[in-house]
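**Student:** take this sequence and fold it.
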Amino acid sequence: MNNISFKNDIMPLTERLFRLAMRIVQNREEAEDIVQDTLMKLWSQQAEWADIQNIETYTLTMCRNLALDRLEKKERQNLTLNEAIHDQADNAPAPDDQLISRQQHDLARQLIDQLPEKQRTTVQLRDIEGMTYQEIADVMGITVADVKVNLFRGRQKLRESFAATIR
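**Tutor:** Down below sits the predicted model:
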């Protein structure tokens, strides 16, 4: 893609970048910083945009790498990653529906957050972001077979954890 537009090609990816960063670092402020760093780094590399074949994959890969670097740095500093994650209220019409929806959402997030990083990222990119196996492989720097294995194991672990939770 030779005519990459920051406004039209990169800015629409910010929500996906945030969700990916959030899933990795599990901290809203850190995820926002990572997205900002990703966008700034991309902006400073404008001269190299002509060489990028798929800006979406390139951008998500950069975001993932920055998030993993941040996570590794944080772990070296022995800081905890178990900060509370706050969401906006659901827009369901009835309060009891809101409560049930919120509980299910929180449970799903907790179960996904307990997965190992590769499984967690694979589930995020496939089941939440809707990316193809090849796109995930490109973003994560692994083979399509490894993507399928991580996805299978992640989903299997989620099913087991969910079954154990509702008993």
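**Student:** when you work out contacts or count neighbours from here on, use the C-alpha atoms and nothing else.
**Tutor:** Will do.
**Student:** helices and strands of the protein: which one bottoms out on pLDDT?
**Tutor:** One helix or strand of the chain scores below all others by mean pLDDT, DSSP states H and E: helix 95-113, with a mean of 76.
**Student:** run through the protein and note the low-pLDDT ranges.
**Tutor:** Residue ranges of the chain with pLDDT under 70: 1-2, 76-101.
**Student:** quick one: contacts for the residue minimising distance to the centre of the chain?
**Tutor:** Nearest residue to the geometric centre of the chain (CA atoms, centre = their mean): Leu20, 1.7 Å. With contact set as CA atoms under 8 Å, 6 or more residues apart in numbering, Leu20 has these partners: Leu60, Cys63, Arg64, Thr121, Gln124, Leu125.
**Student:** and it, what element?
**Tutor:** Assigned by DSSP states H and E, Leu20 falls within helix 14-25.
**Student:** centre of the chain versus that helix, how much separation?
**Tutor:** Taking CA atoms, centre = their mean, to the nearest Å, one finds helix 14-25 lying 4 Å from the centre of the chain it belongs to.
**Student:** pull out the buried positions in the following helix or strand past it.
**Tutor:** Beyond helix 14-25 on the C-terminal side, the first helix or strand identified by DSSP H and E is helix 28-44. Neighbour counts over helix 28-44 (16 or more other CA atoms under 10 Å) mark Arg28, Glu30, Ala31, Glu32, Asp33, Ile34, Val35, Gln36, Asp37, Thr38, Leu39, Leu42 as buried.
**Student:** check contacts around the closest residue to the last one other than its chain neighbours.
**Tutor:** Residue nearest to Leu42 in three dimensions, not counting chain neighbours: Thr59, with 7.6 Å by CA to CA, 6 or more residues apart in numbering. Counting by CA under 8 Å, 6+ apart, Thr59 makes contact with Ile10, Thr38, Leu42.
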